[in-house]
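In: Pasting the sequence and the predicted coordinates here, then a few questions.
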Amino acid sequence: MTKVFMITQGSYSDYRAVGIFSTKEKAQRVLDALNIYDKNEDIEEYELDELDTLANKFERGYKIYWIEMNYDGEVVKLHQTEDIAIWINNNKNTGKLWGQILAKNDKQAIKIMNDKRAQILASAY
């Protein structure tokens with residue numbers, strides 16, 4: 001099997017892949033050069049076909065949810081969508097944020113949006 005080395009950053013709903021490399025040495029060189037990142041980045045090793053891709057997530061029961069939320073955390077709208085895009089937007093004039101979230105269920109979608117809401121409010125949008 002072919003191994004790949006992925007630089008990751010963040011945790012929970014903020015977890016993301018920064019880059020995927022053919023050797024650990026290449027990943028380490030890039031990680032060392034990325035001094036703008038916080039210290040929660042890591043190099044993870046995977047077999048090539050075991051990467052956590054969007055397709056793999058759908059196979060494991062994840063769905064795309066459309067969610068609209070007030071800045072106070074009240075959920076205004078929540079439903080599954082067939083649209084593949086994942087994004088979040090907000091408008092300080094209306095006091096709302098909305099977007100499409102990848103989650104396993106309604107509760108997880110609300111948790112992810114609440115995490116994003118907290119980040120937006122903390123940054124004074």
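Out: All right, it came through fine.

In: among the helices and strands of the chain, which one scores worst on average pLDDT?
Out: Across the helices and strands of the chain, mean confidence by mean pLDDT, DSSP states H and E is lowest for helix 54-59: a mean of 78.

In: Return the distance of that one from the chain's centre.
Out: Its chain's C-alpha centre and that of helix 54-59 lie 14 Å apart, by C-alpha atoms, centre = their mean, to the nearest Å.

In: Show me what the following helix or strand past it is packed up against.
Out: Toward the C-terminal end, the helix or strand that comes next after helix 54-59 (DSSP states H and E) is strand 63-70. Packed against strand 63-70, as judged by 3 or more C-beta pairs under 8 Å, 6 or more residues apart in numbering; DSSP states H and E, are the following elements: strand 75-81, strand 96-103, helix 106-122. Glycine gets a C-beta too; all of them are placed from N, C-alpha and C.

In: got the contact list for strand 63-70?
Out: The contact list for strand 63-70 (C-beta atoms under 8 Å, 6 or more residues apart in numbering) reads 75-86, 95-104, 106, 109-110, 113-114, 117.

In: and the angle for it with strand 75-81?
Out: On the basis of axes from the mean of the first three to the mean of the last three C-alpha atoms, to 10 degrees, strand 63-70 is oriented at 160 degrees to strand 75-81.

In: wait, is residue 84 part of a helix?
Out: No. Judged by DSSP: H, G, I helix; E, B strand; the rest coil, residue 84 forms no part of a helix; its state is coil.

In: Neighbours of it, how many?
Out: By the measure other C-beta atoms under 10 Å, the count of residues near residue 84 is 10.

In: just residue 16 next, same as before
Out: Other residues near residue 16 come to 11 when the count uses other C-beta under 10 Å.

In: next one: residue 61
Out: If we define neighbours as other C-beta under 10 Å, then residue 61 has 9 of them.

In: from what I can see it touches residue 102, true?
Out: No. Applying C-beta atoms under 8 Å, one finds residue 61 not in contact with residue 102, separated by 11.1 Å.
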